[in-house]
Each structure stands twice: as structure tokens, then as C-alpha cells.
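> Curious how this folds, go ahead:
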Amino acid sequence: MSNTPASVFTDGPFAAYLAATDEKQFFIERFGRLYLRYQASRIFDRPVRVLDLGCGNGATSQPIMKMMQNRGQKVDYFVVDPHQAQLDQFESTAPTVRGSQLILKQGTLESFVAEGGPFDLVIAYQMLYHVEDLRASLQKILGLGREVLIGHHGRRGIHQVQEQFREHVQGGPHVISTDSEVEAILDGLDQEIGERHFERHGFVASIKTSSCFQPKNNRDLAAFFLQCDPALITDSLLNELRLYLASLLGPSYHLPHDVGLFTITDLTHPRFPPV
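Below you'll find the model as predicted:
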């Protein structure tokens with residue numbers, strides 16, 4: 001169970017991160033490329049069933065929904081998140097398209113029970129930090145869908161900050177982890193499960209850290225880095241963080257941030273040849 005305060009996601013810290021990074025734009029652009037390949041090799045006579053785990057307030061999920069719908073694809077979009085406030089915000093701003101539907105479920109990956117057979121596409125983007133058992137969670141995710149997209153950060157960026165300030169980091173059991181650990185587990189599961197096509201993708205985003213150096217609202221981004229309530233960011237800790245960021249960045253406020261993406265395709269389904 002994650003001990004990340006809900007305020008990290010529903011209040012200032014997450015908003016501060018979204019405002020400071022281009023990660024969302026890179027992910028949506030990369031998803032668009034992958035989805036073109038995905039769509040070209042599959043023909044559906046029904047809405048695509050998508051499961052989005054750890055969807056949050058829909059910051060990345062809603063652009064994905066719009067993209068699929070703009071390309072003429074009807075979607076049954078299932079979203080799961082442990083924070084009801086996030087789901088309420090998602091629902092209030094979600095796009096509506098005739099023939100598609102949005103289904104919201106409060107809960108965790110561990111508690112989620114799939115109904116109606118496997119999903120066509122499962123998205124697990126930046127949510128594995130909060131699961132109890134990383135290997136068991138990845139195994140469950142692979143079993144939920146015919147096509148799976150997993151995203152996890154790499155060594156540069158947020159991971160560097162969390163490693164440096166490990167004693168102050170809250171968050172889930174695997175909050176200090178990288179895409180290399182995810183890849184190693186997926187490789188092992190691939191040997192066990194078989195009949196799946198595995199690919200690694202990725203991109204380098206940027207985080208503008210200048211807000212950490214400003215006199216006002218300078219704790220929100222720091223709190224997101226450390227996955228803690230902004231009230232726990234003392235003046236002393238903030239100064240330490242500033243010095244560390246300055247040592248990484250030099251004259252630039254932009255912190256490179258690695259993100260690993262993995263696509264896993266179930267080859268046992270006739271409509272799902274490798275792409």
C-alpha cells in the first residue's frame with residue numbers, strides 16, 4: 001500500500017510537476033505513434049476495451065481518449081485509481097463521444113477484478129511505484145490485457161533526486177525504482193509466460209526546476225520529487241535540494257528525465273500479430 005499523501009496528487013505538487021515538465025506531451029506523442037501501428041494491425045467491429053490503471057485526474061488519460069475517438073475508434077474506457085477525488089475530477093472534465101463510454105472504479109491494482117474477459121489495451125503509466133509486489137503486479141497486468149503499455153521512469157531525473165534524498169522520500173514501496181528493474185522482471189516473466197511480443201521504447205523529458213528557487217510556492221515541486229506533503233519540506237531541506245539541483249544542472253534549470261516505455265503483445269489472439 002502506498003503511503004504517498006493524497007495531497008501530492010490532488011493539490012499543488014502534481015499540478016506543479018505537470019506545469020514544469022514536457023513528459024505528458026512526449027508520452028502522448030509517443031502513444032500516438034504506437035497506436036497507429038496498433039490500429040493498423042487490428043480491425044474491431046465493437047468499441048475497444050481499454051483499462052487505464054492509476055489514471056489520476058486524467059491528465060494523460062483524457063488526451064489518449066480524445067486521440068482514439070478522433071481517429072474514429074469507439075472506446076469503452078475503464079479507469080482505476082485509489083483516490084476518489086481524482087476520479088471525480090476526471091469525470092467532470094472527461095470528453096463525451098457517442099458510442100463510447102467511461103467507466104470509473106475506485107481501487108488499486110491489487111483489488112481490481114476484471115469482468116468481461118481480457119481488455120484489448122491495458123495502460124499502466126507511472127503507477128508501479130505504489131504496488132506492494134512489483135513482480136506479482138506486473139504478472140497481473142500482463143494477464144489483464146492482450147496489449148499492454150507500461151511506463152516507468154529511468155535513472156536520470158526524479159530517480160536521481162530520490163536517491164539523493166532517500167531518507168525524506170515517502171510514497172509507495174517501489175517509489176525509488178527504475179525502468180531497468182521493470183524490464184528485468186518482464187524478461188523473466190516472458191520466459192515463463194511465452195507467446196508474447198515484447199518491445200522497449202522510451203524518451204527523455206525535461207523538468208524545469210526553477211520553481212524550487214522562487215520565493216513563493218517553491219515547495220510544491222520539491223514535494224512531488226519526494227512524494228511527501230509540502231509541509232514536510234523545511235527551509236533546510238529545500239536549501240539542500242536547491243544545492244543538489246544546482247550541482248546537476250549548472251546554469252540551466254532543466255533536469256533531463258528518462259522515461260522507459262514497454263509494449264507487450266499477446267500473440268495467442270488471432271487479431272493480435274506482432275506490430
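> CA atoms for contacts and neighbours, from now on please.
OK.
> Tell me which stretches of this structure form helices.
Using DSSP state H, the helices of the chain run over 7-10, 12-20, 23-40, 61-70, 84-93, 134-144, 158-164, 179-193, 220-226, 235-249.
> looking at these, which one has the lowest mean pLDDT?
Among the helices of the chain, helix 7-10 carries the lowest mean pLDDT, at a mean of 56.
> Leu149 and Thr263 touch, don't they?
Yes: contact criterion C-alpha atoms under 8 Å: Leu149 and Thr263 qualify, at 4.7 Å.
> Quick check: Gly171 touching Asp229?
No: using C-alpha under 8 Å, Gly171 is not in contact with Asp229, being 10.3 Å away.
> re earlier: Leu149 and Thr263: which has the busier surroundings?
Neighbours were counted for Leu149 and for Thr263 using other C-alpha atoms under 10 Å; Leu149 has more, 22 against 19.
> Tell me how far the more buried one lies from Tyr125.
Here the criterion is C-alpha to C-alpha, to the nearest Å. By it, Leu149 lies 7 Å from Tyr125.
> and the helices of the chain as CSV, adding mean neighbour count?
What follows is the helices of the chain, written out as CSV (neighbours: other C-alpha atoms under 10 Å):
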stretch, mean neighbour count
helix 7-10, 18
helix 12-20, 19
helix 23-40, 15
helix 61-70, 18
helix 84-93, 16
helix 134-144, 17
helix 158-164, 18
helix 179-193, 15
helix 220-226, 26
helix 235-249, 15
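> Can you say which of the ones you listed is nearest to Ala205?
Nearest to Ala205, of all the helices of the chain, is helix 23-40, at 5.0 Å by C-alpha to C-alpha.
> Output that closest one as CSV, restricted to C-alpha atoms.
This file holds the C-alpha atoms of helix 23-40, laid out as CSV (Å, rounded to 0.1, in the frame of the first residue of the first chain):
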residue,chain,number,x,y,z
GLU,A,23,6.7,14.5,-20.1
LYS,A,24,3.0,14.5,-20.8
GLN,A,25,3.5,15.9,-24.3
PHE,A,26,6.2,13.4,-25.0
PHE,A,27,4.1,10.5,-23.8
ILE,A,28,1.0,11.4,-25.8
GLU,A,29,3.1,11.9,-28.9
ARG,A,30,4.8,8.5,-28.4
PHE,A,31,1.5,6.8,-27.7
GLY,A,32,0.2,8.3,-30.9
ARG,A,33,2.9,6.6,-32.9
LEU,A,34,2.4,3.3,-31.1
TYR,A,35,-1.3,3.5,-31.5
LEU,A,36,-1.0,4.0,-35.3
ARG,A,37,0.8,0.7,-35.5
TYR,A,38,-1.6,-0.9,-33.1
GLN,A,39,-4.7,0.3,-35.0
ALA,A,40,-3.3,-0.7,-38.4
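> which other residues reach that helix?
For helix 23-40, the surrounding residues in contact (C-alpha atoms under 8 Å, 6 or more residues apart in numbering) are Leu18, Ala59, Thr60, Pro63, Ile64, Met67, Phe203, Val204, Ala205, Ser206, Val275.
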